[in-house]
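Q: sequence and predicted structure below; questions after.
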Amino acid sequence: MTAFRATLAALVWLALAGCGVSGSPSRHSAFPEGSTMAHVQQRGVLTVGIKFDHPLFGYKDPATGRITGFDAEIARLVARDLTGSESNIRFIETIPRNREDFLRRGVVDVVLATYSITPARRRLVGFTDPYYYAGQDVLVRAGDTAVQDAADMGGKKVCTARGSTSVDRLRSEVPRAEIVLVDTYTECVTALITGRIDAISTDDTILLGLMIQHPEQVRLLRRPFGREPYGMGIRHEDTAFRDYLNTLIAGYLRDGRWDRAFRDTIGVVGAVAEQAKPSPIPR
C-alpha cells in the first residue's frame, strides 16, 4: 500500500508538472502532501550534500565561501525548480563515508557528490537516473614515467578515498597495488607531491580538478579504465522524489541547461561533453 501511494503521488505530480514550462514545476505546484518536494517548498530551502574539496564539481572557495562546480550548478537548478530561486539552497560538506548516513538521518535532502551508482549502495539509498558519466583514471607526479597505465600500479602506493568505488576497482584491476585510504583527495595530493605515494586513482572528473590546482607538479594519464555513472542520492524508497528528480534531469539534458553547466565547469579543462553526457531516459 505504501508503494502504491508513493506511485500515485508521483503520477499526480507528473500530471501537474505537465502544465508548467519546459517540463519543470512552477514554484506554486501542488506537490503531494508529505512528500519531500512539499517539505522543501514549505521550508523554502533545499539542503544538498556535496564535496567541498573537488574543483570543477564541488569546491568551496576559501576567499568567498561560494560552492562552485558541476554538481553545485545542477543542485542550484533543482533548487530553482523546487523553490523558485537557485539561492534557496544550503550546501553541507559530504564525504564518501558519510553520504548514506546523512541521507538516512535527514541531514540533507539529496546528495550530489560525484556519487557513483552501485548495487551495494542501492541497498542503502535511492538513486536517480545517471546525470553524468566519469571514467576512473590515474594521477602521477609530472616527471614520473614509471606509471603509464593502470597495470603499472602493481607494487606501487596508490591513494584513493575510503568508501569510494575506486577502491573496489583498484583491488580488482590492480590486485598488487598497495592501496592507501584517506578521507579526502586533498590528502592524496599532498602525499603524491611529497613522494609518500606513487599515484592517485579515482574518477577522472576528480583528478582533473586536482590537476588544475597543481599543473606543474602532477599530470593525468588520460587512460581511463572503467565507467562510473553519477546519480543523485536520496532516501531509500523515496520514489516520489526520485521520479520528480528524474523528470528534472531529463529536462536538463534536453533543453541545454546540462550543457551550460558542463561548459562553465568541467568543460573549461577540455573534458568532452559527449563522453560524459547521458541520454535522457524517456518518461
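A: In hand now; what should we look at? Residues are numbered from 1 along each chain as shown.
Q: mind listing what's buried along the strand or helix carrying R121?
A: In this structure, R121 sits in helix 119-122 according to DSSP states H and E. Going by neighbour count (16 or more other Cβ atoms under 10 Å), the buried part of helix 119-122 is R121. All C-beta atoms are positioned from the backbone trio N, CA, C, and that covers glycine.
Q: right, and the helix or strand after it?
A: strand 126-127.
Q: list of residues touching that next one?
A: Outside strand 126-127, the residues that touch it by Cβ atoms under 8 Å, 6 or more residues apart in numbering are 115, 117, 121, 231-239, 241-242.
Q: partners of it, with directions?
A: strand 233-234 (antiparallel) (DSSP bridges).
Q: same question for the partner strand, mean pLDDT?
A: Across strand 233-234, the average pLDDT comes to 98.
Q: what separates that strand from the chain centre, distance-wise?
A: 10 Å (Cα atoms, centre = their mean, to the nearest Å).
Q: the following helix or strand past that strand: which residues count as buried?
A: Under the assignment DSSP H and E, the closest C-terminal helix or strand after strand 233-234 is helix 239-255. Buried residues in helix 239-255, counting neighbours by 16+ other Cβ under 10 Å, are found at 239-253.
Q: closest to I212 among those residues?
A: Y252 (24.6 Å; Cβ to Cβ).
Q: ok, the closest one touching Y131?
A: Yes: the pair Y252 / Y131 is scored as a contact, 7.4 Å apart, by Cβ atoms under 8 Å.
Q: okay if I get the contacts of strand 126-127 as JSON lines plus distance to F225?
A: Putting those into JSON lines (distance: Cβ to Cβ, whole Å) gives the following:
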{"residue": "Y115", "distance to F225": "20"}
{"residue": "I117", "distance to F225": "18"}
{"residue": "R121", "distance to F225": "20"}
{"residue": "G231", "distance to F225": "21"}
{"residue": "M232", "distance to F225": "25"}
{"residue": "G233", "distance to F225": "24"}
{"residue": "I234", "distance to F225": "29"}
{"residue": "R235", "distance to F225": "32"}
{"residue": "H236", "distance to F225": "30"}
{"residue": "E237", "distance to F225": "34"}
{"residue": "D238", "distance to F225": "33"}
{"residue": "T239", "distance to F225": "34"}
{"residue": "F241", "distance to F225": "34"}
{"residue": "R242", "distance to F225": "30"}
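Q: whichever of those end up buried, select them in PyMOL.
A: Buried subset of the contacts of strand 126-127, written as a PyMOL selection, criterion 16+ other Cβ under 10 Å:
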select buried, resi 115+117+121+231+232+233+234+235+238+239+241+242
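Q: does R90 sit in a helix or strand, and which one?
A: strand 89-93.
Q: and for P224?
A: Counting by DSSP H and E, P224 is part of no helix or strand.
Q: got the domain boundaries for this structure?
A: Residue ranges for each domain of the chain read 2-22+36-131+231-276, 134-227, as given by automatic domain parsing.
Q: okay, how far is it across the last one, tip to tip?
A: As for domain 134-227, its first-to-last residue distance stands at 6 Å under the measure Cα to Cα, to the nearest Å.
Q: can you give me the strands for the stretch 51-200 of the chain?
A: 53-54, 58-60, 67-68, 89-93, 110-111, 126-127, 132-141, 157-161, 178-182, 199-203 (DSSP state E, counting those that start in this stretch).
Q: among those, which is nearest R76?
A: It's strand 89-93; of the strands of the stretch 51-200 of the chain, that one is closest to R76 (Cβ to Cβ) at 6.1 Å.
Q: that closest one pairs with which strands?
A: strand 46-50 (parallel).
Q: what's next to the strand it pairs with, contact-wise?
A: 40, 58, 67, 69, 71-72, 75, 78-79, 82-83, 88-94, 99, 102-103, 107-113, 233.
Q: so for the helix holding R121, mean pLDDT?
A: Helix 119-122 comes out with an average pLDDT of 93.
Q: re the thing from before, who wins for proximity to P282 among the domains of the chain?
A: The nearest among the domains of the chain, by Cβ to Cβ, is domain 2-22+36-131+231-276 at 7.8 Å.
Q: from memory P32 sits against H39, does it?
A: No: using Cβ under 8 Å, P32 is not in contact with H39, being 10.7 Å away.
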